[in-house]
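Enquirer: kindly generate the corresponding structure for this input.
(one chain, ligands or ions: 1)
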Amino acid sequence: MNNHQSEKVLKSLSPRQAGHPIADVFLQRWSPRAFVPLAMPLTDFLTILEAARWAPSAFNIQPWRFIYALRSNRDWDQYLNLLDPFNASWAKNASALVFLVSNRLCPAQEKNSTNPSNTHSFDAGAAWANLSLQSTLLGYQAHAMAGIRFDEIRRQLAVPDDYRVEIAVAIGRQADPATLPSTLREREQPSSRLPLNQIVFPERFACQPAATRGGTDQ
Ligand SMILES: Cc1cc2nc3c(=O)[nH]c(=O)nc-3n(C[C@H](O)[C@H](O)[C@H](O)COP(=O)(O)O)c2cc1C
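Expert: The predicted structure follows:
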């Protein structure tokens, strides 16, 4: 499916509409489970990771690390086995699988010592956001998964103790939802979001801004 076709599917499935003007990519990014089982050029994959690399992080520590397999790699089946069975059932058609891990420790002021990091997962989340948006901009979609076998990932992929296993990500070209089994097909719908007036507060938590009080502002 090309960009234009997937945009058409997106619109026909459920209109996602922003309440205020935002760049198209924020609405075009979503998490489908229908993927075309095709190889991804390494250059595209590296562009997606390059975007993740430029995410901001506290003190510019860059705690994220990415461990990956492309579907043409001999590790592909092993990687699929590191997902829970539900996620493996659809992610098997993706073009790339990435495990995102982050360093729990950051350098301390004293030479050669470390402190626990308060922000390593938050920073890794920023890297995931960059990765997913760049995927969409290249005509792919990236689907994050927390349904993964954390202990096995650590063991099989040799993740050091200092690193937290965060998520897996399946990246691929979106396929027609008709390619999914019926239970998944019904769920293949872009979701909406809470309105701004439920998540943004002036002054104190849960205070409603006068501008949106009682309104339907999105
Ligand atoms: C950290 C994280 C973990 C997720 N884990 C899973 C998962 O294990 N399986 C799955 O099918 N979707 C998973 N998702 C996808 C979310 O359900 C999806 O992002 C959310 O419903 C919003 O929909 P959208 O991404 O299509 O906008 C995960 C998303 C995130 C960000």
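
Enquirer: all helices for this structure, in order.
Expert: With DSSP state H as the criterion, the chain has helices at 3-13, 24-28, 42-53, 76-80, 85-91, 120-137, 150-156, 182-187.

Enquirer: mean pLDDT lowest where, among those?
Expert: Across the helices of the chain, helix 3-13 has the smallest mean pLDDT, namely a mean of 55.

Enquirer: export the helices of the chain to TSV and tack on mean neighbour count and distance to the ligand?
Expert: Placement of C-beta: from N, CA and C, glycine included. Below are the helices of the chain laid out as TSV (neighbours: other Cβ atoms under 10 Å; distance: least, Cβ to the nearest ligand atom, whole Å):
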stretch	mean neighbour count	distance to the ligand
helix 3-13	14	10
helix 24-28	14	9
helix 42-53	16	14
helix 76-80	18	14
helix 85-91	17	5
helix 120-137	21	7
helix 150-156	14	12
helix 182-187	11	8
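
Enquirer: got these as CSV, with distance to L194 columns?
Expert: Shown next, in CSV, are the helices of the chain (distance: least, Cβ to Cβ, whole Å):
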stretch, distance to L194
helix 3-13, 20
helix 24-28, 15
helix 42-53, 26
helix 76-80, 33
helix 85-91, 25
helix 120-137, 18
helix 150-156, 29
helix 182-187, 20
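
Enquirer: quick one, phi/psi of D75?
Expert: Dihedral pair for D75: phi -80, psi 0, per degrees, to the nearest 10.

Enquirer: that one reaches N81, doesn't it?
Expert: No: using Cβ atoms under 8 Å, D75 makes no contact with N81, being 10.0 Å away.

Enquirer: ok, those two, which is more surrounded?
Expert: D75 (15 against 12; other Cβ atoms under 10 Å).

Enquirer: no further questions, thank you.
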